[in-house]
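**Q** Next input, structure requested:
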Amino acid sequence: MVSMRSDASLDIDTSDEHYLTNLSWTPNNSQILIAEVNRDQNHMWLNMYDVSTGKKVKTLFEEENDKWVEPEHEAVFLPESNSQFLWLSEKDGFMNLYLYDLNKEHLKQLTYFKWVIKDIIGFDSGKKHVIISGTGEDPRENRAYKVSLKNGKSQLLTTDKGFHQTKLSASGAYIIDSYSNIETPRISKIKAVNKDIETVVFRAKNPLKGYQLGSTEFVTLQDKEGVDLYGRIIKPSHFDPTKQYPVLIYVYGGPHAQLVTNSWLGGSNLWMQWMAAEQGYIVFTLDNHGSASRGFNFESVIHRQVGEREMIDQLIGVDYLKSLPFVDPNRLSVHGWSYGGFMTNSLMLRHPGVFTTAVAGGPVTTWKWYEVMYGERYMDSWQQNEAGFNRSEIHNYVKNLDGKLLEIIGSVDPVVVPQHTVSLLEAFVKNKKQVDFFMYPMHPHNVRGMDRVHLMKKVLDYIILNNK
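**A** Numbering: from 1, shown residues only. The predicted structure follows:
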């Protein structure tokens, strides 16, 4: 084993501002691979460094994109090889597998899926296949596949529809497959990777049996280009199609998140089920452009204009709801946290009159003050995109407030710092607009523990009280 001297460090080029990401070691521990991304995050170099000296050996390959390049996975070396490795990249529009060699040029693209690979799980016992997880044809699902290292041919291992969590045995001969879907709480199986053998080891009973629930259904809408948008609607218990019900839209809308999945209850939270079953609400969620598991083009349309395309899609959802005879179009409310708080404020203030009530939690109010790597990946810097930053800044729309709005933050939020909301409150005051505010003392970005109960009661009570 080669070790780095205690006084040694990597000889990183410091002549510019850039990020060091996705570090991995070569199998013989003699080199380190680092994906280095420029400050603009549109150019990535996979660089190799010598461990013993810290010196850069060479650049293995580069990737460029006029929007962003975001390496999300480290290099994974093939079994019994010190030079060949797999790299996950979405440079062809979807996250696919590529085969590289430390000593040669790019060997080949291994997969050409038109769906998203999410992770490399491991290798089979014969070391001829790599086991991966990915959406498959339905972006709301997560499945496991084995892929030939020779020719890229794939075979679905998890054949049941749903959202699968898969682990590989140390030998590579078996997987533990645990999955749920909209109607199934949980089933766990042990399955052979290279044989048609499986054993069910656990089948969960319905943990909500005996409770009064609404009905959870999937909805597929389309934008003006004909792109599918996936939603989830929860109807009240004892639903009566001749009545009209109030609506709560729960939104996130940002990158790296997906709310509508073919998992137990469609990925909904129990408070949503309570809101429908106990309070007689329609609870609706839509994954808009910019959200995860749909490929680069679907996600990257938000570049330099966060909030714009997302609102268009969310309003497609609003139009759908208004078209339903059992929806009261005059009692629509919206709630979200973090990026969802940004979306909640944007929808409430930039489209006044659509919603009677909104609760924005931990909201980004101006992207100038958000974490630099995340913010500049999607918006570029303030100096490069002043118009985009101004257009998305919530402060510019406070005068449009028409309805009841509650802002909630944690007092020590290190992610969306309190300055976001405090400055927004100042803007409301200066514009003579009444707004409500609550702060959770000593909580960071997410309010957890017992106080989470207090938070959700406050959110839902506010909506019920004001969305009459």
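**Q** Could you pull up the residues touching Q222?
**A** 228-229 (C-beta atoms under 8 Å, 6 or more residues apart in numbering). (Glycine included, C-beta is placed from N, CA and C.)
**Q** whoops, I233 was the one
**A** Neighbour list for I233: 216-217, 219, 282-284 [criterion: C-beta under 8 Å, 6+ apart].
**Q** Please, where are all the helices along the protein?
**A** 270-277, 296-300, 308-323, 339-350, 372-379, 386-392, 419-430, 451-466 (DSSP state H).
**Q** As TSV, the contacts of I233 with distance to N42 would be great.
**A** Below are the contacts of I233 laid out as TSV (distance: C-beta to C-beta, whole Å):
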residue	distance to N42
T216	40
E217	40
V219	35
I282	42
V283	39
F284	36
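**Q** Just the buried ones out of these, please.
**A** Buried subset of the contacts of I233 (neighbour count, 16 or more other C-beta atoms under 10 Å): 216, 219, 282-284.
**Q** that older thread, give me the subset of the contacts of I233 lying in strands.
**A** Of those, the ones assigned to strands by DSSP state E are 216-217, 219, 282-284.
**Q** What is the nearest of those residues to G253?
**A** F284 (13.3 Å; C-beta to C-beta).
**Q** and the closest one, what pLDDT?
**A** For F284, the model assigns a pLDDT of 98.
**Q** Please look at it and L321 and confirm they touch.
**A** Yes. F284 lies in contact with L321 (C-beta atoms under 8 Å); the separation is 6.1 Å.
**Q** Tell me the one of the ones in strands among the contacts of I233 nearest M439?
**A** V283 (26.1 Å).
**Q** quick one: the closest one from P27, how far?
**A** 50 Å (C-beta to C-beta, to the nearest Å).
**Q** check contacts around Y49.
**A** If you count contacts by C-beta under 8 Å, 6+ apart, Y49 has them with 10-11, 31-34, 55-57.
**Q** Only the buried subset of those residues, as a ChimeraX command please.
**A** The following ChimeraX line selects those of those that are buried, judged by 16+ other C-beta under 10 Å:
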select :10,31,32,33,34,56
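**Q** Return the closest of the contacts of I233 with respect to I249.
**A** Of the contacts of I233, the one sitting nearest to I249 (C-beta to C-beta) turns out to be F284, at 5.1 Å.
**Q** measure that closest one to Q384 for me?
**A** Applying C-beta to C-beta to F284 and Q384 gives a distance of 36 Å.
**Q** cool, M95 as well?
**A** 27 Å.
**Q** Which one of the two is surrounded by more residues?
**A** Between M95 and Q384, M95 has the larger neighbour count (other C-beta atoms under 10 Å), namely 24 against 12.
**Q** give the contact list for the more buried one.
**A** 72, 88-89, 116-118, 134, 295.
**Q** and if we set it to 10 Å?
**A** 72-73, 88-89, 111, 113, 115-119, 132, 134-135, 293, 295-296 (C-beta atoms under 10 Å, 6 or more residues apart in numbering).
**Q** Buried members of these into ChimeraX, please.
**A** Typed into ChimeraX, the next command selects the buried ones out of the contacts of M95 (criterion: 16+ other C-beta under 10 Å):
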select :73,88,89,111,113,115,116,117,118,119,132,134,135,293,295,296
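**Q** In this structure L20 contacts I34, no?
**A** Yes. With contacts counted by C-beta atoms under 10 Å, L20 reaches I34, the gap being 5.4 Å.
**Q** Now do the shared contacts for the two.
**A** Common neighbours of L20 and I34 (criterion: C-beta under 10 Å, 6+ apart): 10, 12, 47.
**Q** and which of those is nearest to H395?
**A** The nearest one, if we look at these relative to H395 and count by C-beta to C-beta, is I12, at 38.5 Å.
**Q** what number of residues lie near the closest one?
**A** A count of nearby residues for I12, using other C-beta under 10 Å, gives 14.
**Q** how close does it get to K127?
**A** With C-beta to C-beta as the criterion, I12 and K127 are 34 Å apart.
**Q** do L425 as well
**A** With C-beta to C-beta as the criterion, L425 and K127 are 60 Å apart.
**Q** One more: Y211?
**A** In terms of C-beta to C-beta, Y211 sits 48 Å off from K127.
**Q** One more: L110?
**A** L110 is 15 Å from K127, by C-beta to C-beta.
**Q** So which of these two has more stuff around it?
**A** Comparing L110 with K127 by other C-beta under 10 Å, the one with more neighbours is L110, at 20 against 13.
**Q** Contacts only, for that one.
**A** 86-87, 96-99, 130, 147-154.
**Q** Need the phi and psi values for P27.
**A** phi -60, psi -30 (degrees, to the nearest 10).
**Q** That one against N82, yeah?
**A** Yes. Shown here, P27 and N82 form a contact pair, counting by C-beta under 10 Å, at 4.9 Å.
**Q** Now stretch 261-279: average pLDDT?
**A** 97.
**Q** next one: stretch 288-295
**A** 98.
**Q** Just the CA coordinates for it, please, in CSV.
**A** The C-alpha trace of stretch 288-295 is given here as CSV (Å, rounded to 0.1, in the frame of the first residue of the first chain):
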residue,chain,number,x,y,z
ASN,A,288,-42.7,20.6,-12.1
HIS,A,289,-39.8,21.1,-14.5
GLY,A,290,-36.6,21.5,-12.5
SER,A,291,-37.4,18.5,-10.2
ALA,A,292,-35.4,15.2,-10.2
SER,A,293,-35.5,11.9,-12.0
ARG,A,294,-36.6,13.3,-15.4
GLY,A,295,-33.2,14.0,-17.1
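**Q** which residues touch the nearest residue to P329 once chain neighbours are set aside?
**A** Closest residue to P329 apart from its sequence neighbours, by C-beta to C-beta, 6 or more residues apart in numbering: K322 at 4.5 Å. K322 is in contact with 247, 328-330, 332, 354, counting by C-beta under 10 Å, 6+ apart.
**Q** what's the distance between N330 and P414?
**A** N330 is 40 Å from P414, by C-beta to C-beta.
**Q** just checking, what's the longest strand in this structure?
**A** What stands out as the longest strand in the chain, according to DSSP E, is strand 327-337.
**Q** If you count contacts, what does it end up packed against?
**A** Using 3 or more C-beta pairs under 10 Å, 6 or more residues apart in numbering; DSSP states H and E, the elements in contact with strand 327-337 are strand 245-250, strand 282-286, helix 308-323, helix 339-350, strand 357-361, strand 404-410, helix 451-466.
**Q** Can you add distance to G388 and give the ones you listed back as CSV?
**A** Shown next, in CSV, are the helices and strands packed on strand 327-337 (distance: least, C-beta to C-beta, whole Å):
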stretch, distance to G388
strand 245-250, 25
strand 282-286, 23
helix 308-323, 9
helix 339-350, 14
strand 357-361, 21
strand 404-410, 23
helix 451-466, 30
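**Q** so which of these comes closest to V193?
**A** It's strand 282-286; of the helices and strands packed on strand 327-337, that one is closest to V193 (C-beta to C-beta) at 35.3 Å.
**Q** if you skip the residues just before and after it, what's nearest to I12?
**A** Spatial nearest neighbour of I12, chain neighbours left out: L20 (6.8 Å); criterion: C-beta to C-beta, 6+ apart.
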